[in-house]
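A.B. asks: when you get a sec, could you give me coordinates for this:
(2 chains)
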Amino acid sequence: MTLALTRPAPAVASGDEGLLTDGPDGPDGDEGRRRGRRRPLEGRAARRATTARLLLRRPGFLVALAFVVLVVVSALAPGLFTSADPYATAPIDKLLPPGPGHPFGTDELGRDLFSRVLHGGLLTVQAVGLALVLALVVGLTLGVVAGFVGGWVDAVVMRAVDVLLAIPGLLLALAIVTAIGYGTVPVAVAVGIGIVPGFARTTRAEVLRVRTLPYVEAARTGGASWGRVLLRHVLPNSWGPVAVLAVLDLGAAVIAVAALSFLGFGAAPPAAEWGTLISTGRSYLVTSPWLSLLPGVFVGLLVLGLNHVARTLEEVQR
Amino acid sequence: MRTTRPHRRLAAAAAPALVAVLALTACAGGSGSAASDGATSTDGSTAGATGDPVEGGRLRLAYFPDNAAFACVDPFQTYWIEHRTVIRNYADSLTDQDPETGEIVPWLATSWTVDDAGTEYTFDLRTDVTFSDGTAFGPEAVKTAFDSHAAVLQELPTAYGGVYLAGYESTEVVDADTVVIRFSTPNAAFLQGTSTTNLAVLAPASYAKTPEERCLGDVVGSGPFVLDSYTPGEGISLSKRDGYAWGSELRENTGEAYLDGIDITYVAEDSVRIGQLTSGAIDIAWPRQPITENDQALVTANGAQLVSRSLPGPANNLYPNLSEGKVLAEADVRRALQKAIDRQTYASTVFGADYPAVTSIYDTTTPGYVDHSENLAHDPDGAAELLEDAGWALEDDGYRYRDGQRLRLSTPVVQGFTAGDQLIQDQLKAVGIDLQLDVITQAQRSDVLSSGDYDLISTYYTRADPGVIQWIVDSRYAGSKAQADNALTPEQAAQVQALLDEGTTTTDPDARAEVYGELQDLYLDEALAFPTFERVQTAALAADVHGFRFTSESFGDFAGTWIGDAS
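C.D. replies: Numbering: from 1, shown residues only, chains lettered A, B, ... in the order given. Okay, here's the model as predicted:
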């Protein structure tokens, strides 16, 4: 499944009962291990099959997943779904209601709204992706360092994270975007920094747990350097919950990006992120409600879909 | 054409309302005939004068957001259009200007003489006028005001009133009701200047305050209302001045105002402001940008009235950056750009089918305006040809290149209002010009100007005198010197300044008009400004607001306004 692939697979079977333990699905994955350790593999394959069966029995999950996949595909390749130019104005056709030729109607300059929503999707997907990558990298690093090194480093990093946590996310993002300028990348950075604290905290908690486990001690006793222990043993076994958090935060990040572009911090015109579309449409809410509502419904459904997928995965794992 | 055309839509919507009113008044035996000059009259004079004025009530008015860069209600310093409406209602000027004819008529001055050179203005003043703090108006007050203006200009050379006072030398009190204002160089626009809000006369006590204190509302005027409070960004409150009896003859009501007061708020969202009006939370919605077509439909559907009048002064123009190395330093690119903009479509798309397209660098209500629509015709083929001949060749991506460099222009746009800019962007794309819209905040504008990091920037200024363009393009007077320097090459600047000087020293109105006609020719022949739209002040008035009037500068005059029954 697409979603399962986005989750980094633990390199070592850790016995973490709370996590999906499926490795890479590719046939060239762990040939060596597969031959060497037959029993656990069968167990893992069986568990994976059970999980898949459980998921398939939930039609809601399938619908949500299908919608999310559709949105991602349409964002990456909008040309597959619409041939209309999202930037070509056609004043005679302005503010047309949804209908044949214009599934979502047209905006105040006669541009095809459906095409603008799909093309705006790429910007949003980019921003959300960038924000998550940033949050993951920074959050993991801070968390691992704080948890593993401990002492005053831990204290300093965690107090900094506390400060970030104390500031409301949207406010923090607004402050950052005002300081570094407008556009998709600044918005992504702002949203990313806004969700770093959660990642850092979760990672640190896991690292604190993992570092006391016997195999870490064994690795140390076996002569492995601290760096090696950190990278080979602690990090791979700590990032599971963080990965779950990342999936959960996808929906939140979509909303945050849309909120910032709604407030006018998004990409430079004529490009329009979803928030920008909703924002410009709101002046026409009474006379041409589709301008705001259709992009709004689109974003709403995507976020609902993402949340549903994330929650279902979480439930099925238990 | 000085008056705007009545809104057909409004007339259509008003007709059933009028029928209803007529039916009601016929039953009551009242003055039914008065209803016929109801809501349909929108041409600059009064709107909705139905029946006899009713006294009392406070008018609730909502503006678009306050000036974040310079919060000020001091007549001499502010340039903010909305605050000049406020000033018109709390302070009086020496003269008034007829919106219909442009003629200057007496107000605080009963008569005046101008010497032939245009350097000496003698005013006979009214003797029955007092300021709201009780002090009497007279030649001393005028002298205090003008001397203070000169002092402010020493301290703050970019203070807005400066453009009205070019060459000011001194004021002399001749006798108890006569004052002479002298200029070292002729200032032909000064008489019109005395009718503006910027040269409104405040009580001497106000000029003892610092310019900052005056900006924040420590001002005393002699107008039909008294400024009670001004809280930047939040609101303004005015109350009626008891005993007012010296309104200009252009007012229907020269005595005390009918309203008890005016409460002004700032509302950022256009849709919210219109919603407030249609739901009865406010009486007047007064946006900066014209009310959009669909909002107009909402307003008229709710029985409210629309009033509109072109703001005199330069239209909404884009001024180029002609400095070294900029693409627009090339005249052919500028001419092509001028041809590539479709102003008719712009007006009808962004503001509605009835909206007038811009026809010169000036709005139509500006004295001296000359119709130049033939210079501003949409001609994409002509534009393409000019660019082709200049070596800008069309590539596969739809844009033009020369020496591997794309024909790219950038313009800063302020967050929020970008529909029109995006339309122009697409119109330019049709001829292969890549227009980048850099979104900035209002506060970043001065940085952009001083860094010169732009190709086009839009600005405007409102005054019922064509000489006001000095404030934009003449670096000796301009509000932003950087912008004025960039807007013309040194040779062009010399040419333009010579014309502007001739304009300010020519007292004969016809000869002046000719000078500014020449200026418009020069600007459009050389493509030194790119008009995008005629600036029309629109406001939506609740159905029960009557007796509203636009001044010659298209500001609101509420002295004769009253709240009665819905018309």
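
A.B. asks: what is the burial count for B:Glu155?
C.D. replies: For B:Glu155, the neighbour count with other C-beta atoms under 10 Å in any protein chain shown is 9. In this view, the C-beta of every residue, glycine as well, is placed from N, C-alpha and C.

A.B. asks: what do you get for A:Ala188?
C.D. replies: Number of residues near A:Ala188 (other C-beta under 10 Å) recorded here: 27.

A.B. asks: next one: the helix or strand in which it is found to chain centre, how far?
C.D. replies: A:Ala188 belongs to helix A:184-210 when assigned by DSSP states H and E. Offset of helix A:184-210 from its chain centre (C-alpha atoms, centre = their mean, to the nearest Å): 12 Å.

A.B. asks: which residues touch the most centrally placed residue in chain B?
C.D. replies: The residue lying closest to the centre of chain B (C-alpha atoms, centre = their mean) is B:Thr462, at 3.2 Å. Neighbour list for B:Thr462: B:Ile81, B:Arg84, B:Leu311, B:Pro312, B:Gly313, B:Val468, B:Arg535, B:Glu553, B:Ser554 [criterion: C-beta atoms under 8 Å, 6 or more residues apart in numbering or on different chains].

A.B. asks: relative to B:Glu518, how far out is the third one?
C.D. replies: With distances taken as C-beta to C-beta, to the nearest Å, B:Leu311 is found 23 Å from B:Glu518.

A.B. asks: who has more neighbours out of those two?
C.D. replies: Neighbours per residue, other C-beta under 10 Å: of B:Leu311 and B:Glu518, the larger number sits with B:Leu311, 24 against 15.

A.B. asks: can you confirm whether the helix holding A:Ala188 lies near chain B?
C.D. replies: No. Remark: helix A:184-210 sits outside contact range of chain B, by C-beta under 8 Å from any C-beta of the partner chain, the gap being at least 11.4 Å.

A.B. asks: avg pLDDT for the helix or strand containing A:Val163?
C.D. replies: Element membership for A:Val163, per DSSP H and E: helix A:151-166. The average pLDDT for helix A:151-166 rounds to 92.

A.B. asks: list the helices and strands that helix packs on?
C.D. replies: If you count contacts as 3 or more C-beta pairs under 8 Å, 6 or more residues apart in numbering or on different chains; DSSP states H and E, helix A:151-166 packs onto helix A:113-149, helix A:184-210.

A.B. asks: switch these over to CSV; also include distance to B:Gln483.
C.D. replies: Listed next are the helices and strands packed on helix A:151-166 as CSV, based on distance: least, C-beta to C-beta, whole Å:
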stretch, distance to B:Gln483
helix A:113-149, 32
helix A:184-210, 27
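
A.B. asks: tell me, how many neighbours does B:Asp476 end up with?
C.D. replies: Not quite, residue B:476 is Arg, not Asp. So B:Arg476, with other C-beta under 10 Å, has 12 neighbours.

A.B. asks: also B:Pro211?
C.D. replies: Burial of B:Pro211 is recorded as 18 neighbouring residues (other C-beta under 10 Å).

A.B. asks: that one reaches B:Gln77, doesn't it?
C.D. replies: Yes. With contact defined as C-beta atoms under 8 Å, B:Pro211 reaches B:Gln77; the gap is 6.1 Å.

A.B. asks: okay, and the common contacts of the two?
C.D. replies: Both B:Pro211 and B:Gln77 are contacted by B:Val152, B:Leu156, B:Ala159, under the criterion C-beta under 8 Å, 6+ apart.

A.B. asks: check the gap between the closest residue to the second one other than its chain neighbours and B:Ile81 for me.
C.D. replies: The reference is to B:Leu156. Among residues not flanking B:Leu156 along the chain, B:Pro211 sits closest, at 6.5 Å (C-beta to C-beta, 6 or more residues apart in numbering or on different chains). Noted for B:Pro211: a distance of 20 Å to B:Ile81, by C-beta to C-beta.

A.B. asks: then A:Ala259?
C.D. replies: According to C-beta to C-beta, A:Ala259 stands 32 Å off from B:Ile81.

A.B. asks: B:Arg408 now?
C.D. replies: From B:Arg408 across to B:Ile81, the span is 33 Å (C-beta to C-beta).

A.B. asks: understood, closing this out.
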